[in-house]
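# Next comes the sequence, and after it the predicted model I'd like to discuss.
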Amino acid sequence: MTRVRNFHAAQWDEPLILELGSPGERGYIPPAVESGIQDVVGPAEELVPAAMRRQAPPQLPEISQPGVLRHYLRLSQMTMGCHITPDASLGTCTMKYSPQINEHLARSPQMSDLHPLQDDETTQGMLEIIYGLEQMLCEISGMSAFTFQPAGGSQAIFANACIIRAYHEDRGEGDLRDEIISTAFSHPIDCAAPAVAGFKVITLMPGPHGYPELDALKAAISPRTAGLMMTNPEDTGIFNPYVEEFTRLVHEAGGLCAYDQANANGILGITRARENGFDLCQFNLHKTFSVPHGSTGGSCGAGGCTEELAKYLPSPKVEFDGERYYWDYDRPDSIGKIRSFHGNLQAVLRSYAWILAHGSEGLRQVAETAVLNNNYLQQLIQQIPGVSIGYDAPGRRLQEVRYSWEPLLEETGVSSEDVRRRMVDFGLQGYFTSHHPMLIPEPFTLEPSESWSRSDLEEYGRVLGHIDSEARDDPEFVQSSPHRASITRIHEDALDTPEQWAMTWRGWKRKYGDVATPNA
Amino acid sequence: MNDQPGTHPYIPNSAPASRQAMLDAVGVKSVDELFEAIPASLKLGRPLNLPDPILSERDLKRTLEAILSRNTPATSVISFLGGGCWPHDIPAVCDEINSRAEFLTAYGGDTYADLGKHQAIFEFQSMIGELVGMEMVSAPVYDWSAAMTSALMMAARITGRRKTLITGTLPGDRRSNIDLTAGEWIDPEYLAFDQATGLMNLDDLRQKIKDDVASVYVEVPSYLGGIESDVAQIAEIAHAAGALLVVGVDAISLGVLAAPADYGADIVVGEGQALGVHMMYSGGLFGFIASRDEPRFVAEYPYLMVSIAPTRNGEGWGFGWSSMERTSYDLRENAPDYTGTTQWLWGITAAVYLSLLGPVGMREVGEGILQRSAYAMCRLGELPGVQAPVFDRAHFKEFVVNFDATGKTVAEINQALRARDIFGGHDLSRDFPQLGQSALYCVTEAHSKADIDQLVSTLEEVLA
């Protein structure tokens, strides 16, 4: 294809499920209680203390099974998963192919119907997989141990902040060392997690090359330094070449270094956390390691650390005694529980299978292709007149680039948010702009993972180029987009205005009158 | 690398011709030039030491299936394990919807590309709101533990107080989560529970509550399965001291148990796994937070929330993230709590489940759980040396069985049961040593009378 796609999203004009169906309809019948039970225990109502009985039934939908299925299938058709579109849009999120075979395996009863408190003898297969993935990630990162209990990257980063806290407390320096250093282009959680764990946070701002200069770090380091928590490459796709110096200086000051490797797609098999001087790291299995993102989870933040810090990892942890695998609960130095039971182990199974399907050469092929794809897409995007790329960084960007539509805004009045809405009209996911703080004006961040073909990338670049032209011909058309999406433009202000927002149907009815929503 | 691996089925541009054309287009001779930004001293310079790749899907499948065959699914035996992750019947439509590639592989996409995802989550929030009786509901949270801890921290910020009085039956996982996450922000103090009833000791509550208490936290049903007789009384005591009442619930109970808003809850948290999600070795857990729609409450929610909003042309509506300035994404180092990728796929699944069951199905499923668990208590209590239930009060789904008088430990009994294809209740002797050799048994609508009868007859044999 050499043109832009003549796309139109499904537009079902679908009411809320709460407005569908008819009184008396139902979609599922729970198993009947046998008369032999009824005879012994009597009516259910009498089994609940009077004050605790439900008075009015919940106002849930009354709708048949085909009605429910149809409604949610229609909603699915109005959702742009990355199996539907080559999602190079959500930069920092590493949207990639989640192999279908892994989905089948993860949904087998041998995984999905395990209870977390089953005896270890009955879960040796999953324990082997958990232990096996730990060994693989240790090799990939150079770390010595991993936990899979955190349910996402943020939980893993929070656990790392807690491990830093526990480490200094054990050394009698808990009160003294109360500062964490991070960087402005690291994910916001690298500042938020240590703050919640009780640290003060110092954020280093980028220098002229896009990363913080060594002098800024030196000025931030003090006897109060507990640690450094940062990403690399940062959100911009720029690799901080002084990272070895960063970690060395923090270590010399007595701090620990935690590497946010949420997105490690551009460096698999190229460079490792350990050689970069980090004591802790985490991989988001839904990013680099192919676990489907699930519309925002559940996934896993796999937290890794050095041998010295392994005793602090959340409890329990899988161990192997040479014959059998087991959950080890006897870990007195552990920071404790970040999630109930064991975590999203269905994600662990998928990542284990994904790594097995690649091996060492395959993982390097992933990183090389992700970086090649990014450089190729950059070649296409930087030819678009309304786009600029900030920072004069040495070397090439790795797996992603944060671009700017600042020239387009100045020349046409069309903003990055406008383009973001318009691209949906061509069957692409709206791109990620930027985390806070928005240091780059009119930002957009693209990450074309290894899963997208050359022609996918060319189509992607063509769409953005086409929108740039549209902005010059008819800016209002772009500003009033989308035009071929599942809905037209909303009043964004309503989302943030207490009198207008509504997080539930009952809230909507109270604020907007007891009338049906516009589509009903 | 000179020894280029072959074309990988997951990687389109590993096809040599595409790869070469793209290298030429970006102006490098070899792919190594693309990595010049990384100092040579940091490069690994050797292949990773990983198992050889399994490129054939058939071989990968066989390898994984062989490993997985060493697991015994709880559904292939009769299992009475619960304790916060429960075996319920899963309607096939739930699995169909959460397998849909559109939902499965979407992420943080926007209002326009991901309308369906946002609407499904809004419907989830709406239906949880109906169950608990609240207007404000978060998008899915990590799990009950995280929802609870965040809610207790919210209460501390709303009231400007730190002390938090917590039910004495809280399980170890949730206690540990509070210590880990909220240690810098609240001072937890655990209330005694009545040794005869297993319910909150109200005298202890009255004694401990002062005007420095931010919130009182109670669970309905409790971890040990008990249904408090009258939470409205606990609410009155809390409110008289200016404290908030935070209530934790098992969502599937709310077709038969009162909506927490009706007995005075200010914030409701809970676990939703029972609503159509497989246990997945605990991967099926997800939580939620709900409250009244008051700005002082909403401002303290740390999690994402989806709001409905009208379209500009007045002909429809859409959805989007509401008030992101509350969240750690915007607050960075000023964040009092954090969020990130949580468990949205299970929230969508719960919306499907609640739509399928409706008000009648939710009542019936709750009644079935009440009656089956009552039957199991009754039958187990007839066995010599077995006390079931330990606590003389109403229960929902779970209850404590004591084996002290049998002379056997729970571990011994469970091992014998396992040999007969039954997973006995969870051994409580580590978390609740004061209960002696006791186990937490879980009975749901998925258990038949025959399952329960088989447990009873097998236990009789094992204890003989």
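Sure thing, it's come through. As the structure is a prediction and not an experimental result, all values here were calculated from the model.

# domain parsing for the chain?
Assuming you mean chain A. Domain ranges of chain A: A:143-356, A:360-489, A:492-520, per automatic domain parsing.

# Chain B was what I was after
Taken from automatic domain parsing, chain B resolves into B:8-45, B:77-88+B:360-463, B:92-353.

# can I assume A:A226 sits in a strand?
Yes. Per DSSP: H, G, I helix; E, B strand; the rest coil, A:A226 lies within a strand segment.

# Identify the residues contacting it.
When contacts are counted by CB atoms under 8 Å, 6 or more residues apart in numbering or on different chains, A:A226 is found next to A:I164, A:R165, A:H168, A:R177, A:D178, A:E179, A:I180, A:P194, A:F199, A:G255, A:L256. All C-beta atoms are positioned from the backbone trio N, CA, C, and that covers glycine.

# okay, now the residue lying closest to it once chain neighbours are set aside: neighbour count?
Distance criterion CB to CB, 6 or more residues apart in numbering or on different chains; nearest residue to A:A226, sequence neighbours excluded, is A:R177 at 3.9 Å. Look at A:R177: counted by other CB atoms under 10 Å in any protein chain shown, it has 24 neighbours.

# Kindly report the same for B:I267.
A count of nearby residues for B:I267, using other CB under 10 Å, gives 30.

# Just confirm it contacts B:S291, I think it does.
Yes. In this structure, B:I267 is within contact of B:S291 by CB atoms under 8 Å, at 4.8 Å.

# Return every residue with contacts to both of those two.
With CB under 8 Å, 6+ apart, B:I267 and B:S291 have common neighbours B:F297.

# Hmm, B:D330 is touching A:I189, no?
No. Applying CB under 8 Å as the test, B:D330 and A:I189 come out as separate, 11.7 Å apart.

# Give me the nearest residue to A:R3, chain neighbours excluded.
Among residues not flanking A:R3 along the chain, A:R462 sits closest, at 7.6 Å (CB to CB, 6+ apart).

# can you check B:P295 too?
Nearest non-adjacent residue to B:P295, counting by CB to CB, 6+ apart: A:P498, 5.1 Å away.

# What backbone torsions are found at that neighbour?
Backbone torsions for A:P498, taken as degrees, to the nearest 10, come to phi -50, psi -40.

# I'd like the next helix or strand past the helix or strand hosting B:I97.
Using DSSP states H and E, B:I97 maps to helix B:92-99. Reading on from helix B:92-99 to the C-terminus, the next helix or strand found by DSSP H and E is helix B:101-104.

# Assign A:T445 to helix, strand or coil.
Counting by three-state DSSP, the backbone at A:T445 sits in strand.

# Go ahead and confirm it touches A:D235.
Yes. The pair formed by A:T445 and A:D235 meets the contact definition of CB under 8 Å, at 6.6 Å.

# More neighbours: those two, which one.
Each of A:T445 and A:D235 has its neighbours counted (other CB under 10 Å); A:D235 has more, 25 against 22.

# what's the distance between the more buried one and A:V250?
Here A:D235 is placed at a distance of 21 Å from A:V250 (CB to CB, to the nearest Å).

# now do A:T296
Counting by CB to CB, the gap from A:T296 to A:V250 is 33 Å.

# got the contact list for A:Q261?
Contact partners of A:Q261, counting by CB under 8 Å, 6+ apart, are A:S141, A:T231, A:A273, A:C281, A:Q282, A:F283, A:N284, A:T288.

# Identify the bridge partners of it.
Beta-bridge partners recorded for A:Q261 (DSSP bridges): A:F283.

# Just the pLDDT for it.
On the pLDDT scale, A:Q261 is placed at 98.

# quick one: contacts for residue 161?
You didn't pick a chain, so chain A it is. A:I180, A:A193, A:P194, A:V196, A:A197, A:F199, A:M229, A:A258.

# my bad, chain B
The contact partners of B:R161, taken as CB under 8 Å, 6+ apart, are B:D212, B:V213, B:A214, B:A243.

# Tell me how many other residues surround the last one.
By other CB under 10 Å, the residues close to B:A243 number 25.

# How about it: what's its closest non-neighbour residue?
B:V213 (4.3 Å).

# do the first one as well
With CB to CB, 6+ apart as the criterion, B:D212 has its nearest non-adjacent residue at 5.0 Å, and that residue is B:K163.
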